[in-house]
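Student: Fold the following, please.
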Amino acid sequence: MCSICAAGFGTLGDMSIVQNLETVRARIRSACAAAGRTPESVRLLAVSKTFPAEDVRAAHAAGQTAFGENYIQEGVDKIAALHDLPLQWHCIGPIQSNKTRLVAEHFDWVHSVDRFKIAQRLSDQRPDDMTPLQVCLQVNTDGGETKSGVRPDEVLVLAREVMTLPRLVLRGLMTIPDPVEGFEAQMALHQRATALFEQVRTELNPPQWDTLSMGMTADLEAAIAAGSTMVRVGTAIFGGRTYAH
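Tutor: Numbering: from 1, shown residues only. Below you'll find the model as predicted:
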């Protein structure tokens, strides 16, 4: 029996996920080499939104442990379905006040905190028997009027406030800039977030400030060149979205 089949992969879909993961990992290694960085300096977050729990299970069997979900209830259902696996779950979508308890009680990380009210609710609702919630502030680096994210000139204030919350650990920043064409243009956009990241480090020095969550399927090379420590990849791993949410 082939090693892939022995590992539990029995369908073409599973095989594709295995191959796609290796392709993405190769892209990360190549981008790190080009930027003079070690591959270990960049984590891969597999974005599994709209994909079934079976696809996450196949990705885990291929060595992937961290998964990102945009839709909170879908993520909670998937976490329950895969409770037997040692996975790390990241909430990367917008959070409304009525969903903070679900996030606080089920996820390990949140990338999308953009106002203090949400952060405070997450801290208040985090169960005492769980480790503190790991948090990134979402920043609207390119100024889109309808986009989520704190304004760049408000990042320091929000970071200072979040650092006071007892059940949260402030880890870094997350960005989702609008797509632009060309490596140089992509990198310049990501460098805005890197500059903010370093500003927070210099002025506030949070104890565990180590995460710059930026870069997706189309621009992960530019993001890594600009300093990303975590790339969020969905399409290149799981393919096109399987159904509308």
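
Student: Please make it C-alpha for all contacts and neighbour counts, starting now.
Tutor: Will do.

Student: Just give the nearest non-adjacent residue to Phe67, would you?
Tutor: Ala46 (4.7 Å; Cα to Cα, 6 or more residues apart in numbering).

Student: Okay, the one you found and Ala188: tell me how far apart.
Tutor: Distance from Ala46 to Ala188, counting by Cα to Cα, to the nearest Å: 24 Å.

Student: do the same with Thr65
Tutor: Thr65 sits 30 Å away from Ala188, taking Cα to Cα as the criterion.

Student: Of these two, which one has the most company?
Tutor: Relative neighbour count places Thr65 above the other of Thr65 and Ala188, with 18 against 15, counting by other Cα atoms under 10 Å.

Student: Pull up the gap between Gly149 and Gln138, please.
Tutor: 5 Å.

Student: Show me the helices in this structure, by range?
Tutor: In the chain, helices defined by DSSP state H lie at 3-6, 12-34, 53-61, 72-81, 100-106, 116-125, 155-162, 183-203, 220-226, 235-238, listed in chain order.

Student: Go through those and pick out the most buried.
Tutor: Looking across the helices of the chain with neighbours counted as mean count of other Cα atoms under 10 Å, the highest average goes to helix 220-226: a mean of 25.

Student: Kindly export that helix (C-alpha atoms) in PDB.
Tutor: Below are the C-alpha coordinates for helix 220-226, written out as PDB (Å, rounded to 0.1, in the frame of the first residue of the first chain):
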ATOM      1  CA  LEU A 220       2.000  35.300   0.200                       C
ATOM      2  CA  GLU A 221       5.500  35.800  -1.400                       C
ATOM      3  CA  ALA A 222       5.200  39.600  -1.100                       C
ATOM      4  CA  ALA A 223       3.900  39.300   2.400                       C
ATOM      5  CA  ILE A 224       6.800  37.100   3.500                       C
ATOM      6  CA  ALA A 225       9.200  39.500   1.900                       C
ATOM      7  CA  ALA A 226       7.600  42.300   3.900                       C
END
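
Student: Return the residues in contact with Val200.
Tutor: Residues near Val200 by Cα atoms under 8 Å, 6 or more residues apart in numbering: Val155, Leu156, Ala159, Pro206.

Student: hang on, isn't the first one packed against Asn140?
Tutor: Okay, so that is Val155. No. Using Cα atoms under 8 Å, Val155 makes no contact with Asn140, being 9.9 Å away.

Student: in this protein, what secondary structure element scores lowest on mean pLDDT?
Tutor: When the helices and strands of the chain are compared on mean pLDDT, DSSP states H and E, helix 3-6 comes out lowest with a mean of 34.

Student: Show residues contacting stretch 218-237.
Tutor: 17, 20-21, 24, 27-28, 31-32, 34-35, 41-49, 68, 183-184, 186-188, 190-191, 194, 210-217, 241.

Student: One more: stretch 29-43?
Tutor: By Cα under 8 Å, 6+ apart, the residues outside stretch 29-43 that reach it are Ile28, Glu221, Ile224, Ala225, Ser228, Thr229, Met230, Val231.

Student: next one: it to chain centre, how far?
Tutor: What separates the centre of stretch 29-43 from the centre of its chain is 17 Å, taken as Cα atoms, centre = their mean, to the nearest Å.
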